[in-house]
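Structure, please.
(one chain, ligands or ions: 1)
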Amino acid sequence: MKLSLRLQQIDSMVSREYDHIWDCCCDHGFLGLNLLKRQAAQTVHFVDIVPDLLKQIEAKLNSEFARKLQLNAWHVHCMDAADLPVELYSKDVLKDKHLVIIAGVGGELLIELIQSLIKRFAAYQVEFLLCPVHHNYKVRQFLIEQKLGLINESLICENNRYYEVLHVAAGAPQSVSNVGSIMWDFNNKKHINYLDKTIKHYQRIAKSPAHSNTAAVIEQYQSLYQS
Ligand SMILES: C[S@@+](CC[C@H](N)C(=O)[O-])C[C@H]1O[C@@H](n2cnc3c(N)ncnc32)[C@H](O)[C@@H]1O
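Numbering: from 1, shown residues only. Take a look at the predicted model:
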């Protein structure tokens, strides 16, 4: 199983050990399986709303091959990721470190999920690793409103599509920027291309009367050219 470039990038940003990693909206579970193999956490949780996907993951994890590799610290959860049963698996509220990964879903759903999970994890030590499909500005605005700080961020291009990856947590010292900060490398042509494309996208939607506040967004992205 070869991870896509996007999933490789997300995987590379899991650089410390956690007690629990929650691979939410896991689909076939490729990312979680990789994290489990490299023992990135005491327990890896696979979460998706589609029962057949979880059955397939469960079969893989119960296979002879997985047993030989002693891949036994996992759980599968067929449920809405908004409802993660953190209290059932984490007894030491102060000590246990959780990483919640949400990748490959639209920004609006991702915001809804985090809104619910921030409440569920209120008493726990939790970090979020996020890779929305579209609506990055909106997601970033939401993270700022929630007072989540930046641990790391990156930009990855795969098959001509661009993805922003955000690693955030309450109490992280650096601020999240609306338009990205440490992810940009303006010596990289792909990054310039992504910035151009993003500005053009907002210039297009600015023409619609429903998006009257887009000028400020465009200005913020344009100011990155000067940085
Ligand atoms: C495109 S896949 C993303 C897979 C993987 N995370 C990635 O980044 O490649 C989206 C998955 O989200 C799942 N999903 C959508 N809404 C969900 C929800 N509210 N709770 C849990 N899973 C959800 C879908 O069933 C689907 O498997």
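
okay, CA-based contacts and neighbour counts for the rest of this
Fine.

for this structure, which helix is longest?
helix 189-206 (DSSP state H).

Give me the average confidence score over the helix or strand following that one.
Moving toward the C-terminus from helix 189-206, the next helix or strand (DSSP states H and E) is helix 214-223. The pLDDT scores in helix 214-223 average 96.

could you dump helix 214-223 to PDB, C-alpha only?
This file holds the C-alpha atoms of helix 214-223, laid out as PDB (Å, rounded to 0.1, in the frame of the first residue of the first chain):
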ATOM      1  CA  THR A 214     -14.200  39.400  -0.800                       C
ATOM      2  CA  ALA A 215     -12.000  42.400  -1.400                       C
ATOM      3  CA  ALA A 216     -10.400  42.100   2.000                       C
ATOM      4  CA  VAL A 217      -9.600  38.500   1.400                       C
ATOM      5  CA  ILE A 218      -8.000  39.300  -2.000                       C
ATOM      6  CA  GLU A 219      -5.900  42.000  -0.400                       C
ATOM      7  CA  GLN A 220      -4.600  39.600   2.300                       C
ATOM      8  CA  TYR A 221      -3.600  37.100  -0.300                       C
ATOM      9  CA  GLN A 222      -2.000  39.800  -2.500                       C
ATOM     10  CA  SER A 223       0.000  41.100   0.400                       C
END
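
Please point out which parts of it sit buried.
Neighbour-count burial for helix 214-223, counted by 16 or more other CA atoms under 10 Å, picks out 214, 217-218, 221-222.

and what of stretch 62-73?
71-72.

Show residues contacting it.
With contacts defined as CA atoms under 8 Å, 6 or more residues apart in numbering, stretch 62-73 is touched by 36-37, 42-44, 60-61.

okay, these in CSV with distance to residue 209, neighbour count and pLDDT next?
Formatted as CSV, the contacts of stretch 62-73 follow (distance: CA to CA, whole Å; neighbours: other CA atoms under 10 Å; pLDDT from 0 to 100):
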residue, distance to residue 209, neighbour count, pLDDT
36, 49, 20, 94
37, 51, 17, 92
42, 51, 15, 93
43, 49, 21, 95
44, 46, 27, 96
60, 51, 14, 93
61, 52, 21, 92
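
Closest one to residue 143 out of those, please.
Ranked by distance to residue 143 (CA to CA), the contacts of stretch 62-73 are led by residue 44 at 24.5 Å.

Can I get the helix or strand where that closest one lies in CSV, CA atoms only?
Using DSSP H and E, residue 44 maps to strand 41-48. Extracted C-alpha coordinates of strand 41-48, given in CSV (Å, rounded to 0.1, in the frame of the first residue of the first chain):
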residue,chain,number,x,y,z
ALA,A,41,0.4,6.1,19.0
GLN,A,42,-0.4,3.6,21.7
THR,A,43,-3.8,3.2,20.0
VAL,A,44,-5.0,4.1,16.5
HIS,A,45,-8.7,4.6,16.0
PHE,A,46,-10.3,4.2,12.6
VAL,A,47,-13.5,6.3,12.3
ASP,A,48,-15.9,6.4,9.3
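
And the next helix or strand past it?
Once the chain leaves strand 41-48, the next helix or strand it forms, by DSSP H and E, is helix 51-61.

Past that next one, which element shows up next along the chain?
helix 64-68.

Alongside the ligand, which residues does this structure contribute?
25-27, 47-50, 79-81, 103-105 (CA under 6 Å from any ligand atom).

which of the residues you listed are buried?
25-27, 47-49, 79, 81, 103-104.

Now the phi/psi pair for residue 133, please.
Backbone geometry at residue 133, expressed as degrees, to the nearest 10, gives phi -100, psi 110.
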